[in-house]
Structures are given as structure tokens and as C-alpha cells.
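1. Okay, here's the prediction I keep looking at, along with the sequence it came from:
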Amino acid sequence: MCRSCVTTTEAPNWWLTPPAEASGEPGAAEQEPPSERPTGWDRALEGLTGEVLTAKEADQNGPSLVRFSDPAGLADWVASLLLRERQLRPERPLGLATGRTMEPIYASLARQVQELTPADRQELRKRWCSFNLDAYVGLDRADPRSFAAEMADRLTSPLELDPERVHLPDGRATDPQVAAECYAAQLAAAGGIGLQLLGLGLNGHVGFNEPPCDADASCRCLELSPATRHQNAGAFGGSPEAVPEQAISLGLREILAADRLLLVVTGAAKAEVLARALQEPPTPELPASWIQLHPRALVVADGKAASLLDASRKQPQAAIRGLA
Ligand code: GLP
């Protein structure tokens with residue numbers, strides 16, 4: 001997985017469409033034809049309103065980005081992709097994430113599933129298979145602060161899924177490292193992730209892969225950084241000390257092995273880390289930057305999170321379009 005671009009100093013091959021085009025003002029009509037979508041995403045994106053227009057040669061040139069000015073539009077769009085992934089490729093596990101960024105996405109997914117025909121809903125439930133990225137060590141599934149409880153509230157209950165089909169690492173295992181290895185084996189036995197949904201930590205983590213983290217790090221039990229415990233303190237009464245010290249997380253190895261990556265980033269607080277993750281050479285110091293190595297990575301961001309992306313670093317090989 002570690003290819004030559006790990007050490008390159010070249011700017012990533014993608015660019016932002018100017019805001020005038022994103023808002024539908026003059027110039028928008030000059031976008032590339034819709035047939036040129038990111039390689040490998042065609043079926044998933046087919047028919048969705050407000051699509052990525054193009055990322056030519058995406059297989060060679062790393063992530064494409066879709067920018068939304070409307071947060072609700074972003075959530076609906078991502079939820080549509082997740083639903084479509086389950087419907088089109090039920091044989092491949094879906095990789096899921098937790099966190100505040102994902103809240104409106106799961107809410108939209110629940111609404112969209114509700115709008116399916118009873119037969120389609122039943123089919124979706126029958127064939128559901130998802131693997132979450134991570135779990136805190138030491139929290140029971142029933143603990144409301146656990147990611148298992150979060151997924152039960154946001155996904156399993158609203159969609160009326162069989163909990164056995166919604167997989168998370170076992171944070172209560174006696175030996176969390178063994179539990180991590182079992183989880184990786186379970187995922188491998190299920191065929192590996194098809195589409196992996198990712199959020200972004202303020203320190204550049206994906207899942208709980210804290211910096212520094214190599215691109216080949218595998219699923220493991222790891223120590224959470226003070227920054228992450230601070231970031232996630234909200235669910236623990238605002239106290240970083242109350243956040244567990246350890247977690248089990250899929251590694252960059254399992255994440256980068258997914259067929260497609262979908263990184264979702266919202267809010268001004270993440271603008272800087274997103275810009276670094278996409279515009280600087282991949283580095284262990286910024287685990288999210290490894291997604292640049294993935295041939296089918298799509299980044300979905302709101303205007304605030306995308307605000308520091310540097311359009312002047314654009315390259316002609318790939319294109320991105322903002323959506324009003
Ligand atoms: C958390 C989780 C990640 C999540 C990220 C962003 O610590 N381990 O899976 O995507 O950090 O969280 P949020 O969306 O709440 O900012």
C-alpha cells in the first residue's frame with residue numbers, strides 16, 4: 001500500500017471549482033459532462049441529484065471532493081450513497097463511523113429507509129452487514145456512552161436491523177488486543193469493507209488511528225491521545241479524564257483496503273486539518289493523509305470545512321464541484 005507518493009512533494013491532483021460555479025452562477029454550465037465521474041463510483045452515484053461531476057483519471061490521482069453549502073443537503077446526499085451501497089452491493093460489508101458529523105447522516109438514512117417500499121425495506125434488513133471502525137475499551141455495549149449504544153440509537157433501532165448484523169469491536173473483552181485481532185479476522189471473513197465511511201478527528205485521526213500512524217497499521221488496541229479525549233469529552237460529561245484511555249480501532253490497513261472511501265468533514269474547526277490531510281504529502285503525523293493513497297476516495301465537506309483548501313494548487317487531472 002505504501003507507494004512512491006508517500007515521499008512525493010507534489011501537490012495533490014485535485015482542484016476546487018470556483019464558488020461562482022458552485023452556486024450555479026454563470027460559469028457553472030461549463031462543467032465537465034456528468035459521465036466523467038470518479039472512477040469506481042459510477043454505479044453508486046448514478047441517479048443521485050447533485051452529483052460529483054468528474055475526477056478524471058481518479059485511479060491515478062487520489063481523492064476527489066464534493067463541497068456542499070447546505071448541511072442538510074450534505075447529509076441527505078451521503079445517506080443516499082450509503083443506502084445505495086447496501087442495495088447495490090449487499091454482499092460487501094459497509095464500514096461505518098460514529099461522531100457528531102454522522103448524526104444528521106444517520107437521521108437522514110432512517111428517513112430514507114422509511115420511504116422505501118415494505119419489500120425493499122425487508123430486503124435491506126435481511127442483507128444488512130456493517131462493521132464499525134472503532135469502540136472504546138472498557139465500555140459495555142449497553143453503556144450509553146459506548147459507540148455500540150450510539151449505533152443502536154441512530155441505526156439499529158430506527159432501521160429495525162438485526163443487531164447481529166451491525167458489528168463493532170468488543171470493548172469489554174478481557175484482552176482488547178485479542179478482541180481487535182478477532183474483529184479484523186471477522187471482517188476479513190466477511191470479505192473486507194466495500195464502502196468505508198470516515199469522519200476526521202481534529203488531530204487528523206481516522207477511526208481512532210492516532211498520530212503517528214503508518215499506512216499499514218492493522219486493527220489493534222491503542223492509546224487515545226489527550227487531544228482526542230478532549231475532543232470526545234462531550235459524551236462524558238465534558239470531562240476528558242472520563243473518556244476511556246484506550247480504544248480498539250480498525251487500522252489504516254483495513255481502511256485503505258476498502259473498495260471505496262467516503263470521508264465526511266463538516267465545520268470550520270476542521271478546515272485546517274482537512275487542508276493539511278489533502279494538500280500535504282501523506283505522513284504518519286496526519287493519519288487521514290493516507291487516504292491520498294486510495295484510488296477511489298471521495299471527500300464530502302461543507303463550505304466551512306473546505307474553506308482552507310487551496311484552489312491555486314489545482315491540477316488539471318481531477319475536478320471537484322461544489323454543490324449549492
Ligand atoms: C472520533 C471517532 C471517529 C470520528 C471522529 C470525528 O473520535 N473515533 O470515528 O469520525 O472522531 O468525530 P466528530 O464527528 O464527533 O467530530
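-> Structure received.

2. Need phi/psi at Leu222.
-> Backbone torsions of Leu222, given as degrees, to the nearest 10, read phi -140, psi 160.

3. Likewise for Arg253?
-> Reported as degrees, to the nearest 10, the phi and psi values for Arg253 are phi -60, psi -50.

4. all strands for the chain, in order.
-> Secondary structure of the chain (DSSP state E): strands at 64-68, 94-96, 130-132, 134-136, 166-167, 195-198, 220-223, 246-249, 260-265, 297-302, 321-323.

5. Relative to the ligand, which of those strands is closest?
-> Minimum separation from the ligand across those (Cβ to the nearest ligand atom) falls at strand 134-136, 5.0 Å. Glycine gets a C-beta too; all of them are placed from N, C-alpha and C.

6. right, is the closest one up against the ligand?
-> Yes. Using Cβ under 6 Å from any ligand atom, we find that strand 134-136 touches the ligand at Asp134.

7. helices and strands around that strand, which ones?
-> Packing partners of strand 134-136 (3 or more Cβ pairs under 8 Å, 6 or more residues apart in numbering; DSSP states H and E): helix 147-151, strand 246-249.

8. Contacts only, for the nearest residue to Glu91 once chain neighbours are set aside.
-> Distances taken as Cβ to Cβ, 6 or more residues apart in numbering put Gly191 closest to Glu91, at 7.0 Å, once the chain neighbours are dropped. Gly191 makes contact with 91-93, according to Cβ atoms under 8 Å, 6 or more residues apart in numbering.

9. Run through who's touching stretch 79-88.
-> With contact meaning Cβ under 8 Å, 6+ apart, stretch 79-88 is reached by 43-45, 48, 92, 94, 105-106, 108-109, 111-113, 120, 123-124, 127-128, 194-195, 197, 262.

10. Those residues of the stretch 51-200 of the chain touching the ligand, which are they?
-> Counting by Cβ under 6 Å from any ligand atom, the stretch 51-200 of the chain comes close to the ligand at 97-101, 133-134, 199-200.

11. Now for the residue in the stretch 101-250 of the chain positioned nearest to the ligand: which residues touch it?
-> Residue nearest to the ligand within the stretch 101-250 of the chain: Gly199 (2.1 Å; Cβ to the nearest ligand atom). By Cβ under 8 Å, 6+ apart, the contact set of Gly199 is 97-99, 101-102, 206, 263-265.

12. Now Ser146: closest residue in space, sequence neighbours ignored.
-> Leu139 (4.0 Å).

13. what's around the one you found, how many residues?
-> Look at Leu139: counted by other Cβ atoms under 10 Å, it has 18 neighbours.

14. Please apply the same query to Ala275.
-> The number of residues near Ala275, taken as other Cβ under 10 Å, comes to 17.

15. Next, work out how far apart it and the ligand are.
-> 16 Å (Cβ to the nearest ligand atom, to the nearest Å).

16. Not counting residues beside it along the chain, what's closest to that residue?
-> In space, and not counting its chain neighbours, Ala275 is closest to Leu308: 4.0 Å by Cβ to Cβ, 6+ apart.

17. per-residue confidence for the one you found?
-> On the pLDDT scale, Leu308 is placed at 89.

18. Name the member of the contacts of Gly199 with the shortest distance to Asp76.
-> Of all the contacts of Gly199, Val264 has the smallest distance to Asp76: 12.4 Å, by Cβ to Cβ.

19. To what extent is the residue nearest to that closest one when sequence neighbours are not counted buried, counted in neighbours?
-> Residue nearest to Val264 in three dimensions, not counting chain neighbours: Val300, with 4.9 Å by Cβ to Cβ, 6+ apart. Close neighbours of Val300, defined as other Cβ under 10 Å, add up to 26.

20. any idea how far Ala301 lies from Glu123?
-> Distance, Ala301 to Glu123, by Cβ to Cβ, to the nearest Å: 32 Å.

21. Ok, Ala173 next?
-> Ala173 is 33 Å from Glu123, by Cβ to Cβ.

22. Then Asn209?
-> In terms of Cβ to Cβ, Asn209 sits 34 Å off from Glu123.

23. same check, this time on Thr228
-> 38 Å.

24. So these two - more neighbours on which side?
-> Counted by other Cβ under 10 Å, Thr228 and Glu123 do not tie: Thr228 has more neighbours, with 20 against 15.

25. Could you pull up the contacting residues of that one?
-> Thr228 makes contact with 201, 203, 205, 208, 210, 243, according to Cβ under 8 Å, 6+ apart.

26. ditto for Leu261
-> By Cβ under 8 Å, 6+ apart, the contact list for Leu261 reads 63, 195-196, 198, 255, 291, 294, 296-298.

27. if we go to 6 Å?
-> For Leu261, the contacting residues are 196, 291, 294, 297, by Cβ atoms under 6 Å, 6 or more residues apart in numbering.

28. and the longest helix seen in the chain, what's its mean pLDDT?
-> Longest helix of the chain, by residue count under DSSP state H: helix 71-88. For helix 71-88, mean pLDDT rounds to 92.

29. ok, what's across the strand from the residue nearest in space to the middle of the chain?
-> By Cα atoms, centre = their mean, the chain has its centre lying nearest to Leu198, at 1.8 Å. Beta-bridge partners of Leu198, counted by DSSP bridges, are Leu263.
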